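Trainee: Fold the following for me, if possible:
(chains A and B)
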Amino acid sequence: MFLIPKKTFIKFEPERCCHVLNEFASAEFASALEMLFAAKNINNNELSKGFIRHALDEYKHSFIFNNIKNQMILEYKINKKELSFVPNHLYNKGYVNKDHFIFEKKRINEFAIFVGANEEIAERKLVSFANHIKPNKSYIFNEIEKILKDEERHSKYSLRFAKKNNGLLRYKLKITKERTISFFRHLYANSHNKFTFIFYPILISILTIMCLISHFLELKKVTTDDDVMKNIEPNSIV
Amino acid sequence: MYYIGISAYYHESSVFLTDNAGTNCFLKEESFSRIKGDKNFPRRCLNFLIERFNLNDNNISFVSFYEKPFKSWWEIFYYSIKQPLKNKNFLINHLKHFNNGSIFFYSDLIKQIAISKKKIIYSSHHLSHCLYGLSIVENFSEYIYLSCDGVGEGETMSAYTIDSYYKIKKIWSNLYPNSLGLFYSTITDFLGFEINEGEFKVMSLSSFGKPKYENQLKKIFNIHNFKIDMDYFEFHKNLSRSFSQKLCDILGEPYLNLNENKNFKKYADIACSAQLILEQAMQNIIKEVIKISGKKKIVLTGGVALNCKMVHNLSKLNIFEELVVPPSPGDSGSAIGATNFAYLYKTKHKTLNLNTIFLGPKKEFVNKKIDKNNFFMKISSSENFIDHTVEKLINGEIIASYFGLTEVGPRSLGNTSIFCDAKNSDSVNNLNINLKKRDHYQPLAPILLEEDFKKYFNINKNIEKNLKWMGTLCNANEELYKEYSSIIHIDGTCRAQVITNKDCLTYKILRKLKDKGSKILVNTSFNISKDPVVFDLFDVFVNMKRLDIKYVLMDDGLYQSKSL
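Mentor: All right, here's what the predicted structure looks like:
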């Protein structure tokens, strides 16, 4: 989850653009995974096919963002390893919850609202990024425009489905709730690192205590063992 | 009664279930989450097993975890805390992630299945590797079980022997931070590849270079006493990179772009030098354990064993009678070792009798609830689908395979693969570069019948067994250059796989292909770069669309994907 802070993102900085593109690629990839999971678990063939179509679009978008990023890396000779897209980082970055997919926690109507609301947010961010990059990189702007059309379609389809199945009043309430939650979730994700200093003194205190303990510990290192199965304690974690 | 082994939290998570009476099911969490190298607790694998095998406290004999969780966490912490100020960031991060690690294995497990505490047992990291290795060899007491990886419970390499009464002896070990695995992964990091994922790229790249940095790297890793000079490394203190400025001083700038010719050449030289150090060190380790044990046959496990170039080059030295690397020597295969540990613990004098390397579930078992007609249409009858498939291959078509039992290791062995005719260089290049999006320096692997192997390849007898699961490289003969040059790596080697089982579909395809004038297929795993191999029919369909592959070969016929 990420925001593009407008105040600091005024001048065209290729490296920073690559970071943003990497985040977009991760978000799209995570969205593809969510859709694929939904496709596998919904008991409705037509909806399942719809989710697959959506997943294929998201995979394609992720690929396009990565491609643009790689082109920029080459063009501006940026040597930053953290710019490589690593699927396993989706967990650390918070794009996918390690305990569940969204479809496991929400009913189809709520899921449609969630998708619709978040596609809208993604669309807005993408528009803001595309406009930022347009004066310097028009070919990237054209690529992003194609993605924007897909995002718009996804959002419309999801929200139309949600409207139809929830009723207008419930839909309005739920979409407002989802937009508010999404706003705070993004805000939290962006501020997360800024607040970790609160726990710092606690961690330093634990570390100091453990440092003292380990100073007096003389652990014996065993490099051979004559009967491993006899000497191992199967129920112990130590 | 079922025995379950679990490997998780560090490398790709996996679960293995067996009743040792023919029911085996090996699963990886990445197959369900679709995130390659997923290392979280394998919740989805377990749920799948609970549902399909109706698992409960009554039909589970033991659940065994592949290592001692606290020991694993503590040993790394204990090393770094000796210099708390220098290693402060690493230590704080280690503490912060205390609750995400394997120490909470028990609570993660009982959230999924109510099982009595006494049935949950813990093996030891390298012992699990050793016990997996044991399950793939006959006459197990003749072997030394050598395990070599990054680190596990404070050990980086260890060697075991087992007598015919199943008494296991640990005869040698090397301790953290002196790790051959961490040395190689640090070079992987330096060259800009992801650790635990890019090592195979370093291996491929090494064939393009010369060992110009051999002497410099020998100062960093001592190939005689297997100690590393920690001044060059930062994996014990730095969260973002594993090497220090001192390494940059001797090797130059890290993370350069490989697409530029001069960078490629330089990095190939570094990769080549690191590969050489790895091989020389492993040679000395093997000599050492042979000297201690008096045995001359080796089973090599741990992540380092995945380096098939090393296996091939070691075989030329004639220092052992046999070297076997199991199909999944890394941590995910340790789930099988952990299961073997549980079985040995229970029976005292028996280990699992697995009989096959294909320990994953049957495709039809995975797709019980999915109607394949939703996504695919059969394009040839059950009688002539092999002819039809071969015809398409000969005509340059790229065909996916999805049949039989699922493979265990990182390499697809034909059952979940993508094939094309190795004679057709356009198809080979299209598959490698356009479809799979692999780098130009990574070759594709050939698959052929055992009877044709000697005509096209040669290999030392002492590593021959590994050919069944792509565990080693072999040399290309002149005949191969004449007919199948597009599959040969720059150093004249190939990672070939031979098929011996006459009942399997791949055998039948290759036999028919031979009648049509071609004897070798290219075999690559059925996935896209950075994605796990396909697991169910949904994945097959989605990946066929993403890769733009039209046809897929299944147990009962050749299918074409429908449009949505």
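Trainee: Buried ones in the helix or strand of chain A with the lowest mean pLDDT, by neighbour count?
Mentor: Of all helical and strand segments in chain A, the minimum by mean pLDDT, DSSP states H and E falls on helix A:168-195, at a mean of 81. For helix A:168-195, the neighbour count (16 or more other CB atoms under 10 Å in any protein chain shown) marks A:Y171, A:K174, A:I175, A:E178, A:R179, A:S182, A:H186 as buried. (Each C-beta comes from the backbone N, C-alpha and C, glycine too.)
Trainee: Distance to chain B added to the residues you listed, as JSON lines?
Mentor: Converted to JSON lines, the buried residues of helix A:168-195 look like this (distance: CB to the nearest CB, whole Å):
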{"residue": "A:Y171", "distance to chain B": "27"}
{"residue": "A:K174", "distance to chain B": "28"}
{"residue": "A:I175", "distance to chain B": "28"}
{"residue": "A:E178", "distance to chain B": "24"}
{"residue": "A:R179", "distance to chain B": "28"}
{"residue": "A:S182", "distance to chain B": "23"}
{"residue": "A:H186", "distance to chain B": "22"}
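Trainee: so what's the backbone phi/psi at residue 102?
Mentor: Just so you know, I chose chain A. phi -60, psi -40 (degrees, to the nearest 10).
Trainee: could you give the angle of the helix or strand in which A:K164 is found to helix A:168-195?
Mentor: Per DSSP states H and E, A:K164 falls inside helix A:138-166. With axes from the mean of the first three to the mean of the last three CA atoms, to 10 degrees applied, the angle from helix A:138-166 to helix A:168-195 works out at 130 degrees.
Trainee: quick one, strands of chain A?
Mentor: Taking DSSP state E, chain A contains no strands at all.
Trainee: Centroid-nearest residue for it?
Mentor: Among the residues of chain A, the one closest to the centroid is A:Y95, at 2.2 Å (CA atoms, centre = their mean).
Trainee: Give me the distance between B:R52 and B:L27.
Mentor: From B:R52 across to B:L27, the span is 10 Å (CB to CB, to the nearest Å).
Trainee: before we move on, back to that, state the mean pLDDT of the helix holding A:K164.
Mentor: For helix A:138-166, mean pLDDT is 88.
Trainee: What score does the residue nearest to B:D548 when sequence neighbours are not counted have for pLDDT?
Mentor: Nearest residue to B:D548, sequence neighbours excluded (CB to CB, 6 or more residues apart in numbering or on different chains): B:L435, at 7.0 Å. What the model reports as pLDDT for B:L435 is 90.
Trainee: Can you verify B:K368 is assigned to a helix?
Mentor: No. Using DSSP: H, G, I helix; E, B strand; the rest coil, the secondary structure at B:K368 is coil, not a helix.
Trainee: What number of residues are in the vicinity of it?
Mentor: B:K368: 9 surrounding residues under other CB atoms under 10 Å in any protein chain shown.
Trainee: Same check on A:L212?
Mentor: With other CB under 10 Å as criterion, A:L212 counts 12.
Trainee: Next: B:K562.
Mentor: B:K562, neighbours per other CB under 10 Å, totals 12.
Trainee: looking at it, it is touching B:F376, isn't it?
Mentor: Yes. Between B:K562 and B:F376 there is a contact under CB atoms under 8 Å: 6.4 Å.
Trainee: which other helices and strands contact the longest helix along chain B?
Mentor: Across chain B, the longest stretch assigned as helix under DSSP state H is helix B:261-293. Under the contact definition 3 or more CB pairs under 8 Å, 6 or more residues apart in numbering or on different chains; DSSP states H and E, helix B:261-293 sits against strand B:143-152, strand B:155-162, strand B:168-175, helix B:180-190, helix B:199-206, helix B:214-220, strand B:297-301, helix B:308-315.
Trainee: rerun at 7 Å
Mentor: Here helix B:261-293 touches strand B:143-152, strand B:155-162, strand B:168-175, helix B:180-190, helix B:199-206, helix B:214-220, helix B:308-315, going by 3 or more CB pairs under 7 Å, 6 or more residues apart in numbering or on different chains; DSSP states H and E.
Trainee: Helix, strand or coil: sort out B:C420 for me.
Mentor: Classified using three-state DSSP, B:C420 is strand.
Trainee: Apart from its neighbours in sequence, what residue is nearest it?
Mentor: Closest to B:C420 by CB to CB, 6+ apart is B:S427, at 4.1 Å.
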